[in-house]
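Q: Prediction below, plus the sequence it came from.
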Amino acid sequence: MSARWRRWLLIGGGLALALAVAAAVAAVDVFRFLHSPMEGVPDDGAIYRIEPGTPVAGIAAELAERGLIERPSYLRLTARLSGAARRLQAGEYAIEPGMTPYRLLERFESGRVKQHSLTIIEGWTFHQVVSALRDAQALTHEVSDQPPERIMESLGHGGEHPEGRFFPDTYNFPRGTTDRALLQRAYDRMARVLERAWAERQAGLPLDGPYDALILASIIERETGVPEERRRIGGVFVERLEQGMLLQTDPTVIYGLGGDYTGDITYEHLRRDTPYNTYTRAGLPPTPIAMPSEASIEAAVDPERRGELYFVSTGEGEHVFSKTLEEHERAVDKYQLDRGRGGSEE
């Protein structure tokens, strides 16, 4: 072999070795980048949203512009070589302190988007539910600005009164979920809970069907201050229904007053006849008055019956129960008349 060829071989070998060393150094640097915590993430985390159709180059560049990563080319290269670039999913993502670029890329690829939440409180009215939907900025609003009858039509239940139909719970959802979709979940959940409870109901209840149970459960929900009393309160109402007595429960009166109720119920209110005034009308009101909890539904279909016909609030959340009017009047004298009317008196 000539000296000339030996010289070229040495040069070529040197170049190959230099390239190999450079590639190894670069590989180590990429590995260190991918598996080191992102230093630009604030202590309370960050939110990043991938819009539909955004290429991985745009994502990497924007993350770098926000100071969340330092080497956008490394993220872009890794995504393309691994095939992740073709699988990145649009959505809103949470970036926690200590997260590495590798884990972030995995999150983008899996579509594990940030979950928002909305809580329907036990005892809320439909008006309060709709108000909460309107205030939820992460929802896409399709129906919450419409009248109740239109909302029910959009859910496929036109003609149904919305009160009591939506199960109180905390619902998680990704940004962009529609208010209609969330309401559908709550409606379906209530339907399942009510169906199961009605199938396991106590025999001989003076209720014509599951809707009556829902109405009674909503009254129990609004009357109960202490959870342990739910079934006992249910027992009082069931006894009164069986004996043809007026339910005489303040929450139904308040519901019937609507905007006329300002926080204090008066004897004039109790005498004002509305479809919901259970002091002037026999039986259950025409619809639920609130969103009952599962515990209140269970109390309506499996009440604790002790022969009690009355209860009065002690003013501290609990009630005193009585079997006779004489006992009840003594309880009223003790707990209410000496401080003015307060709470319900059945």
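A: Perfect, thanks for sending it.
Q: which ones are touching residue 104?
A: Neighbouring residues of residue 104 by Cβ atoms under 8 Å, 6 or more residues apart in numbering: 38, 93, 95. (C-beta placed from N, C-alpha, C; glycine too.)
Q: isn't the second one right up against residue 111?
A: No - contact criterion Cβ atoms under 8 Å: residue 93 and residue 111 do not qualify, at 9.2 Å.
Q: okay, the two: which has more neighbours?
A: More neighbours surround residue 93 than the other of residue 93 and residue 111, with 19 against 14 (other Cβ atoms under 10 Å).
Q: Would you check the distance separating stretch 80-95 from the middle of the chain?
A: Distance of stretch 80-95 from the chain centroid (Cα atoms, centre = their mean, to the nearest Å) equals 28 Å.
Q: Surely residue 93 is within a strand?
A: Yes - with DSSP: H, G, I helix; E, B strand; the rest coil as the criterion, residue 93 is part of a strand.
Q: Who are the contact partners of it?
A: Neighbour list for residue 93: 47-50, 104, 107-108, 112-114 [criterion: Cβ under 8 Å, 6+ apart].
Q: now the helices for the stretch 51-200 of the chain?
A: 56-65, 72-82, 101-110, 126-135, 148-154, 179-199 (DSSP state H, counting those that start in this stretch).
Q: quick one: contacts of the last one?
A: This means helix 179-199. Contact with helix 179-199 is made by 118, 120, 129, 133, 136, 139-144, 151, 154-155, 157, 164-167, 169, 171, 173, 209-210, 213-214, 291, 294, 297-298, 300-301, as judged by Cβ under 8 Å, 6+ apart.
Q: residues of that helix that come out buried?
A: 179-184, 186-187, 189-191, 193-194, 197-198 (16 or more other Cβ atoms under 10 Å).
Q: do the same with the fourth one
A: Along helix 126-135, these residues count as buried under the neighbour rule (16+ other Cβ under 10 Å): 126, 129-130, 132-133.
Q: Residue 276: which of those residues is nearest?
A: Nearest to residue 276 among these: residue 126, at 14.1 Å, using Cβ to Cβ.
Q: What is the linear distance spanned by stretch 298-315 between its boundary residues?
A: Across stretch 298-315, the terminal residues are separated by 25 Å (Cα to Cα, to the nearest Å).
Q: can you give me the mean pLDDT across that stretch?
A: For stretch 298-315, the mean pLDDT works out to 94.
Q: Check stretch 159-177 too.
A: Stretch 159-177 comes out at a mean pLDDT of 97.
Q: Sketch out the strands for the stretch 151-300 of the chain, chain order is fine.
A: Remark: strands assigned in the stretch 151-300 of the chain by DSSP state E, counting those that start in this stretch are 170-174.
Q: For residue 256, the count of nearby residues, please.
A: Neighbours of residue 256 (other Cβ under 10 Å): 22.
Q: wouldn't it be in contact with residue 279 here?
A: No - counting by Cβ under 8 Å, residue 256 sits too far from residue 279 to count as a contact (10.3 Å).
Q: How is the protein partitioned into domains?
A: With domains defined by automatic domain parsing, the chain comprises 27-110, 115-195, 200-337.
Q: Residue 279 and residue 131: what is the separation?
A: Separation of residue 279 from residue 131 (Cβ to Cβ, to the nearest Å): 29 Å.
Q: And for residue 39?
A: From residue 39 over to residue 131 (counting by Cβ to Cβ), the distance is 42 Å.
Q: Also residue 86?
A: Taken as Cβ to Cβ, the spacing of residue 86 relative to residue 131 amounts to 43 Å.
Q: can you check residue 218 too?
A: 18 Å.
Q: Repeat that for residue 235.
A: 34 Å.
Q: and if you look at residue 252?
A: From residue 252 to residue 131 the distance is 22 Å (Cβ to Cβ).
Q: picking up where we left off before, looking at the contacts of residue 93, which are in strands?
A: Members of the contacts of residue 93 lying in strands (criterion: DSSP state E): 47-50.
Q: Okay, now the unreliable bits of the protein?
A: Residue ranges of the chain with pLDDT under 70: 1-27, 337-346.
Q: Residue 318 touches residue 225, doesn't it?
A: Yes - counting by Cβ under 8 Å, residue 225 is a contact partner of residue 318 at 6.5 Å.
Q: Which residues are in contact with residue 278?
A: Shown in contact with residue 278 (Cβ under 8 Å, 6+ apart): 246-249, 252-253, 285.
Q: Now neighbour count and distance to residue 270 too, for those, in JSON lines please.
A: Below are the contacts of residue 278 laid out as JSON lines (neighbours: other Cβ atoms under 10 Å; distance: Cβ to Cβ, whole Å):
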{"residue": "246", "neighbour count": "15", "distance to residue 270": "11"}
{"residue": "247", "neighbour count": "20", "distance to residue 270": "12"}
{"residue": "248", "neighbour count": "17", "distance to residue 270": "8"}
{"residue": "249", "neighbour count": "26", "distance to residue 270": "11"}
{"residue": "252", "neighbour count": "27", "distance to residue 270": "11"}
{"residue": "253", "neighbour count": "24", "distance to residue 270": "6"}
{"residue": "285", "neighbour count": "24", "distance to residue 270": "14"}
